[in-house]
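Colleague: This is the structure alone, sequence omitted:
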């Protein structure tokens with residue numbers, strides 16, 4: 001057994017003895033040396049680490065990394081990613097986990113000496129082996145992801161990468177140096193293990209129970225775990241989940257791809273390529289400016305992620321403005337109107353323009369005049385002021 005193997009074993013034992021919550025999570029991961037990641041990674045079961053780049057880390061730093069990877073698994077970050085950007089989703093999870101670990105008394109590792117110079121060349125000023133920022137305290141990964149996406153900033157540093165089954169994608173991690181001693185890295189295909197993946201919600205519940213029995217579960221983790229085991233899905237995440245059914249990328253010849261028709265080249269189209277949605281914005285004054293801005297941010301992030309064409313219809317008792325926005329265009333969001341509320345003009349405008357959307361999403365407080373008949377396309381009402389009866393379509397409620 002190499003010195004690094006001994007330190008990793010010691011780190012895991014100390015977690016089991018002194019940190020029962022994290023220890024239980026860590027015991028459900030499999031330490032796996034590999035030179036295919038920069039420092040560390042996980043695929044939902046294995047804890048991958050680069051022997052060359054981890055050999056100088058001490059036991060306390062290895063405890064942090066082992067717990068970090070295990071928490072990615074417990075919070076099911078691989079499963080919850082969907083089609084979101086790999087690097088930004090990885091970073092969002094890191095911000096959540098690293099704050100929780102430092103609050104629990106763990107010491108975040110510093111960059112190994114052989115990676116410090118590489119980080120400086122990449123323009124990374126921090127010497128922490130991870131991402132941490134107080135402005136993200138109290139937020140979940142879904143909220144942080146949206147903020148990162150809307151900021152347009154590129155994330156350059158992270159403690160680990162997330163690996164997805166049959167994907168092998170390493171995100172912001174690059175292949176590490178070839179091993180020159182210590183643990184012998186296995187040549188593996190990342191994310192394609194034969195091992196049975198633990199039932200992480202069950203493991204999380206068991207870990208929390210053990211910690212409660214010993215009185216060692218911090219209150220901030222108690223709240224966090226309750227949210228995981230008894231989730232109240234944020235409205236913006238519900239909106240994303242709803243829209244994914246219109247963005248399945250399945251090839252089809254009818255209709256062909258519009259992208260190359262002008263060149264008389266016929267290629268299969270993708271479902272996501274032709275997704276077209278109408279956004280009805282209730283500008284009557286019953287929806288607050290803050291809620292409008294929040295909704296705008298979510299819509300902008302979603303339509304860029306899923307390559308959607310969007311029609312923005314600003315309407316109170318009449319239509320004031322209609323914007324046709326392609327996926328690569330910028331949204332020019334502007335509140336106009338502030339009169340009474342009538343939903344019928346929006347649907348009449350859709351019909352008048354010959355728009356055949358996959359779905360119409362209407363942001364409103366739900367207090368207004370509805371059309372007599374439901375349209376042939378799907379309708380989603382995003383309600384700003386609690387549950388209201390709507391004559392047709394689905395509803396999502398924006399909670400405070």
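Modeller: Great, that's in hand. Treat the numbers as computed from the prediction; the structure is a model and nothing was measured.

Colleague: Verify the assumption that residue 93 is located in a strand.
Modeller: No: per DSSP: H, G, I helix; E, B strand; the rest coil, residue 93 lies outside any strand segment and is helix.

Colleague: if I pick it, what's in contact with it?
Modeller: Contacts for residue 93 (Cβ atoms under 8 Å, 6 or more residues apart in numbering) come out as 72, 75, 77, 141, 162. Every C-beta, even on glycine, is put in place using the N, C-alpha and C of the backbone.

Colleague: Out of the helices and strands in the protein, which is least certain?
Modeller: Ranked by mean pLDDT, DSSP states H and E, the weakest helix or strand in the chain is strand 268-270, scoring a mean of 54.

Colleague: Next secondary structure element downstream of it?
Modeller: Downstream of strand 268-270, the first helix or strand assigned by DSSP states H and E is strand 276-282.

Colleague: ok, residues contacting that following strand?
Modeller: By Cβ under 8 Å, 6+ apart, the residues outside strand 276-282 that reach it are 243, 246, 292, 295, 299, 303, 308-316, 335, 341, 343, 346, 350, 355-365, 368.

Colleague: What's the first helix or strand after that strand?
Modeller: That would be, after strand 276-282 and using DSSP H and E, helix 289-305.

Colleague: List the buried residues in that following helix.
Modeller: Buried residues in helix 289-305, defined by neighbour count with 16 or more other Cβ atoms under 10 Å: 292, 294-305.

Colleague: so where do the strands sit in the stretch 201-350 of the chain?
Modeller: 251-256, 268-270, 276-282, 309-315, 319-325 (DSSP state E, counting those that start in this stretch).

Colleague: ranking these by mean pLDDT, which is last?
Modeller: Lowest mean pLDDT within those: strand 268-270, a mean of 54.

Colleague: Domain parsing of the chain, as residue ranges.
Modeller: Annotated domains of the chain cover 3-232, 239-397 [automatic domain parsing].

Colleague: Just say which of those is most tucked in.
Modeller: Using mean count of other Cβ atoms under 10 Å, the stretch among the domains of the chain with the greatest mean number of neighbours is domain 3-232 (a mean of 18).

Colleague: Quick check: nearest residue in space to residue 9, chain neighbours excluded?
Modeller: By the measure of Cβ to Cβ, 6 or more residues apart in numbering, the closest residue to residue 9 outside its immediate chain neighbours is residue 1, 7.7 Å from it.

Colleague: same question, residue 309
Modeller: Here the residue nearest residue 309, using Cβ to Cβ, 6+ apart, is residue 276, at 4.6 Å.

Colleague: that older thread, which of the buried residues of helix 289-305 sits closest to residue 146?
Modeller: Closest approach between the buried residues of helix 289-305 and residue 146, by Cβ to Cβ: residue 301, at 5.4 Å.

Colleague: gap between the closest one and residue 358?
Modeller: Using Cβ to Cβ, to the nearest Å, residue 301 is found at 18 Å from residue 358.

Colleague: returning to that earlier point: just so I know, which of the strands of the stretch 201-350 of the chain lies nearest residue 396?
Modeller: Using Cβ to Cβ, those put strand 276-282 closest to residue 396, at 13.4 Å.

Colleague: what's the offset of the closest one from the middle of its chain?
Modeller: 24 Å (Cα atoms, centre = their mean, to the nearest Å).

Colleague: by how many degrees do it and strand 319-325 diverge?
Modeller: Strand 276-282 runs at 150 degrees relative to strand 319-325, counting by axes from the mean of the first three to the mean of the last three Cα atoms, to 10 degrees.

Colleague: Would you agree residue 297 is in contact with residue 146?
Modeller: Yes: assessed by Cβ atoms under 8 Å, residue 297 is found in contact with residue 146 at 6.8 Å.

Colleague: Now residue 363: phi and psi?
Modeller: The phi/psi pair for residue 363 (degrees, to the nearest 10) reads phi -90, psi 120.

Colleague: so which of the strands of the stretch 201-350 of the chain gets nearest residue 13?
Modeller: strand 268-270 (50.1 Å).

Colleague: Okay, and the beta partners of residue 280?
Modeller: residue 313, residue 362 (DSSP bridges).

Colleague: so where's this structure uncertain?
Modeller: 114, 116-129, 154-195, 218-220, 227-228, 230-233, 247-274, 337-338, 386-387, 399-400 (pLDDT under 70).

Colleague: can you give me the helices for it?
Modeller: Counting by DSSP state H, one finds helices in the chain at the ranges 3-18, 20-26, 51-54, 59-74, 77-80, 86-103, 113-121, 141-151, 200-213, 219-229, 235-243, 289-305, 344-352.

Colleague: could you dump these to JSON lines with distance to residue 380?
Modeller: Listed next are the helices of the chain as JSON lines, based on distance: least, Cβ to Cβ, whole Å:
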{"stretch": "helix 3-18", "distance to residue 380": "45"}
{"stretch": "helix 20-26", "distance to residue 380": "37"}
{"stretch": "helix 51-54", "distance to residue 380": "47"}
{"stretch": "helix 59-74", "distance to residue 380": "31"}
{"stretch": "helix 77-80", "distance to residue 380": "21"}
{"stretch": "helix 86-103", "distance to residue 380": "24"}
{"stretch": "helix 113-121", "distance to residue 380": "44"}
{"stretch": "helix 141-151", "distance to residue 380": "18"}
{"stretch": "helix 200-213", "distance to residue 380": "28"}
{"stretch": "helix 219-229", "distance to residue 380": "24"}
{"stretch": "helix 235-243", "distance to residue 380": "6"}
{"stretch": "helix 289-305", "distance to residue 380": "12"}
{"stretch": "helix 344-352", "distance to residue 380": "13"}
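
Colleague: Looking at these, spot the one closest to residue 377.
Modeller: Of all the helices of the chain, helix 344-352 comes closest under Cβ to Cβ, at 8.4 Å.

Colleague: so residue 335 makes contact with residue 291?
Modeller: No: using Cβ under 8 Å, residue 335 is not in contact with residue 291; the gap is 11.1 Å.

Colleague: OK, contacts around residue 298?
Modeller: By Cβ under 8 Å, 6+ apart, the contact set of residue 298 is 146, 236, 239.

Colleague: Show me the one of the helices of the chain that comes nearest residue 328.
Modeller: Closest approach to residue 328 among those (Cβ to Cβ): helix 289-305, 8.5 Å.
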